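Trainee: just need the structure, nothing else, for what follows:
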Amino acid sequence: MRSSQQKATVRLDRKGRGGKSVTVIEGLQIPQKEREALLKQLKAKLGTGGTVKESCLEIQGDHCDAVMAALEKLGYRTKRSGG
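Mentor: All right, here's what the predicted structure looks like:
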């Protein structure tokens, strides 16, 4: 599936993280290697840490707007979830 056909859902989450917020990216149907490469690219751009959990990407801190802009530049369709 090409990136232009994929919808990425971006949301802010604090549950179970000791009050710290993380930006969660869900809905990407890409192989594990590409997912890790995308995460590395986003972490470098934002200057923050992150991890791959199951099929989600988690980036430390509230970076929803920046993540959405970066994903749209790469050709993904993004949607914001939550507040």
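Trainee: ok, the residue nearest to residue 62 when sequence neighbours are not counted - how many residues close by?
Mentor: Among residues not flanking residue 62 along the chain, residue 21 sits closest, at 5.1 Å (C-beta to C-beta, 6 or more residues apart in numbering). For every residue, glycine as well, the C-beta is placed using N, CA and C. Close neighbours of residue 21, defined as other C-beta atoms under 10 Å, add up to 14.
Trainee: next one: residue 21 relative to residue 74, how far apart?
Mentor: 23 Å (C-beta to C-beta, to the nearest Å).
Trainee: test my guess that the residue nearest to residue 62 contacts residue 59.
Mentor: No - Residue 21 is not in contact with residue 59 according to C-beta atoms under 8 Å; the separation is 10.1 Å.
Trainee: contacts for the helix or strand harbouring residue 39 next, please.
Mentor: Secondary-structure assignment from DSSP states H and E places residue 39 in helix 32-46. Helix 32-46 is contacted by residues 28, 30, 49-52, 55, 57, 59, 61, 63, 66-67, 70, 74 when judged by C-beta atoms under 8 Å, 6 or more residues apart in numbering.
Trainee: on the C-terminal side of it, identify the next helix or strand.
Mentor: strand 50-53.
Trainee: okay, strands next: where are they in this structure?
Mentor: Taking DSSP state E as the criterion, the chain contains strands spanning 7-13, 22-26, 50-53, 56-60, 77-81.
Trainee: point out the most buried one among these.
Mentor: strand 22-26 (a mean of 22; mean count of other C-beta atoms under 10 Å).
Trainee: what pairs with that one, and is each one parallel or antiparallel?
Mentor: Using DSSP bridges, strand 22-26 pairs in its sheet with strand 7-13 (antiparallel), strand 56-60 (antiparallel).
Trainee: that older thread, mind putting the strands of the chain in a markdown table, mean pLDDT and distance to residue 39 included?
Mentor: Formatted as a markdown table, the strands of the chain follow (pLDDT from 0 to 100; distance: least, C-beta to C-beta, whole Å):
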| stretch | mean pLDDT | distance to residue 39 |
| --- | --- | --- |
| strand 7-13 | 95 | 12 |
| strand 22-26 | 96 | 9 |
| strand 50-53 | 95 | 6 |
| strand 56-60 | 96 | 5 |
| strand 77-81 | 94 | 16 |
